[in-house]
Structures are given as structure tokens and as C-alpha cells.
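Enquirer: can you look at this prediction? I've put the sequence above it.
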Amino acid sequence: MLVSFTSIVFMVFSLLLIFLFPIGLIIFMHRRYRISIKALLVGAAVFIIFQLLTRIPLLGVLARQPWYEPLAQNLFFNAVIIGGLTAGLFEETGRYLGFRYILKNELSWENGIAYGIGHGGFEAMGLVGLNFINNIVLSLMINSGIFDSMIVPQIGEAAAGQIKNILITTPPVDFLFGGLERIFTLTVQLALSLIVLYAVMKRKAIFLLLAILLHAAVNAPAVILLVQGFGTWAAELYLFLLAAAATVFVVKSKGLFQREENAVE
């Protein structure tokens, strides 16, 4: 059996979407608003430090604890506490520290957007984008007949068979959803960045708490919808609605931040 042509086309489309959307946003925002490259880099760095180098390794340590195994079987615990609240706590706290101490002299709506692009853009390109590249390469190897001779000796027949089965049997539309999901998530990341930026500007921790809870509200229901059998469509529709609301907030909030900046001046 081969990986369908439609699956490969959707993988390529999603890959292009994952890379071109953040890059397009950067170009547009830089030309229109002269966003700070420093804010972009801080956003990416905070994601790397607080998510990849801190949260994920800590969760890996937890997963090896005997007392953790019964909790891991609980959908609510996995979706809400692990997938939602811990992600919100680490990422939004990192966001707050980035704005409070590194970007303290560059607090503006434009740089809040720049930070969000750096944070969400790296997440999209560095994690999901690279995974799509890997899947495309493996799919082409399967279809050309060289997968078994090149991959099986490296990772073993069982692991290679599992990868091959996933790529062949996954519905093509799921690969398309993978790219769309990153666009929806990046849009939400922009809104969360602005909320945390506002927390720093107003020096009110309640907005940081709000961002943490909203982050959990993005992650947890999507996971629950998938696990409970509602399907990828339901989860993606949920994320689309959140992204639409986030887009409205991002656009409307510009006036709010301009008033705050004028008040400081």
C-alpha cells in the first residue's frame, strides 16, 4: 500500500501554510508598523525556554513516576491540567517575564504582535513544520519503495511499520487540518500576547491569570473533543471559532493600547 497522492498534496500545502503565514505576517507588520525584531526573537526564545527546555522535560520526568500513571489515565487530568493549565502557566509566565524585564522599554501593541508571531511562529515552524517535512520525506520513500530498505534497519521493523501504517491510513484531510490548526493557534497566540502585555502595562496580575485560563480553554476542549470521538472536524471548528474571536480582539485592541501609550506619555 502507498501513501495517497492527496495526502502528500495536503502535507505540502500545510507545510507551505505553516511557514508562509508567519513569514507573511512578519513582512506585513514590519512594513506597516516597523515591529521590533527583538520582540520577535524574545517571543521565540521564551517558547523554547519555557516550553521545550522546561515544561516538556518536567512532564517527561513526571510520566516516569509510579504515582503519576493512574492520573494519566484520567481524561480530565490529561486535557485540563496537563494539556491546558501547565501549558498556560509556563507559556504565559514566560510571556510576562519577557515583556516585564526584556521588552520593558518596548511595550506597544505592535511589539505585542511581534512577540506573538515569534512565539507562535516558532511553535508552528519549529515543531509542526519540521514534522511535516519528515512526513513528506517518509511518504515519498514509501511510495518509491525504498522505505523498508533505509528506515527499517535504523529503527526496527515494529517502529517502521507503525510509522508506515499511520502515513498510509491517516485520512488526507487530517494532514490539511494540521496546517490550518497552526494558523488558528498562531492567531490565538497573538491575542494571548496582547493580554499579557496589558497585564505588564497596567501592572495587574489578574490579566496574567486570565491569559493562563484562556490558554487552558484553548487546549483542553480540543483534546477532549478528539478523545471523546467527536472527530477532527469538531476540534478544528472549535479552534476556528477561537481564532475568529482572537482576530477581532487583536484588531479592536489597537485603540486600547494607543490610549494607554498616550496616557503614559
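Expert: Happy to help now that I have it.
Enquirer: what packs against the longest helix seen in the chain?
Expert: Assignment by DSSP state H gives helix 232-264 as the longest helix of the chain. If contacts are counted by 3 or more CB pairs under 8 Å, 6 or more residues apart in numbering; DSSP states H and E, helix 232-264 sits against helix 109-122, helix 172-202, helix 205-227. Where you see a C-beta, it was placed from the backbone N, CA and C, and this is true even at glycine.
Enquirer: contact partners of stretch 210-218?
Expert: Stretch 210-218 is contacted from outside by 80, 84-85, 87-89, 91-93, 95, 185, 188, 192, 195-196, 199, 239, 242, using CB atoms under 8 Å, 6 or more residues apart in numbering.
Enquirer: buried members of those residues into PyMOL, please.
Expert: Buried residues among those (16 or more other CB atoms under 10 Å), as a PyMOL selection:
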select buried, resi 80+84+85+87+88+91+92+93+95+185+188+192+195+196+199+239+242
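Enquirer: nearest residue to Gly179 other than its sequence neighbours?
Expert: Closest residue to Gly179 apart from its sequence neighbours, by CB to CB, 6 or more residues apart in numbering: Ser14 at 2.6 Å.
Enquirer: tell me which element that neighbour falls in.
Expert: According to DSSP states H and E, Ser14 maps onto helix 5-33.
Enquirer: beyond that helix, next helix or strand please.
Expert: Next helix or strand after helix 5-33 toward the C-terminus (DSSP H and E): helix 37-47.
Enquirer: quick one: the least confident helix or strand in the chain by mean pLDDT to chain centroid distance?
Expert: In the chain, the helix or strand scored least confidently by mean pLDDT, DSSP states H and E is helix 68-72, which has a mean of 84. Helix 68-72 sits 25 Å away from the centroid of its parent chain (CA atoms, centre = their mean, to the nearest Å).
Enquirer: show me what the helix or strand following that helix is packed against.
Expert: Next helix or strand after helix 68-72 toward the C-terminus (DSSP H and E): helix 75-76. When contacts are defined as 3+ CB pairs under 8 Å, 6+ apart, helix 75-76 sits against none of the other helices and strands.
Enquirer: roughly how far out does helix 75-76 sit from the chain middle?
Expert: Counting by CA atoms, centre = their mean, helix 75-76 comes out at 21 Å from the chain centroid.
Enquirer: if you average pLDDT over the longest helix of the chain, what comes out?
Expert: Helix 232-264 comes out with an average pLDDT of 89.
Enquirer: for that helix, which positions count as buried?
Expert: 232, 234-236, 238-239, 242-243, 246, 249-250, 253, 257, 260.
Enquirer: those: which two are farthest apart?
Expert: Checked with CB to CB, the buried residues of helix 232-264 reach their widest spread between Thr232 and Glu260, with 39.7 Å between them.
Enquirer: run a quick neighbour tally on Gln228.
Expert: The tally of other residues near Gln228 (other CB atoms under 10 Å) stands at 11.
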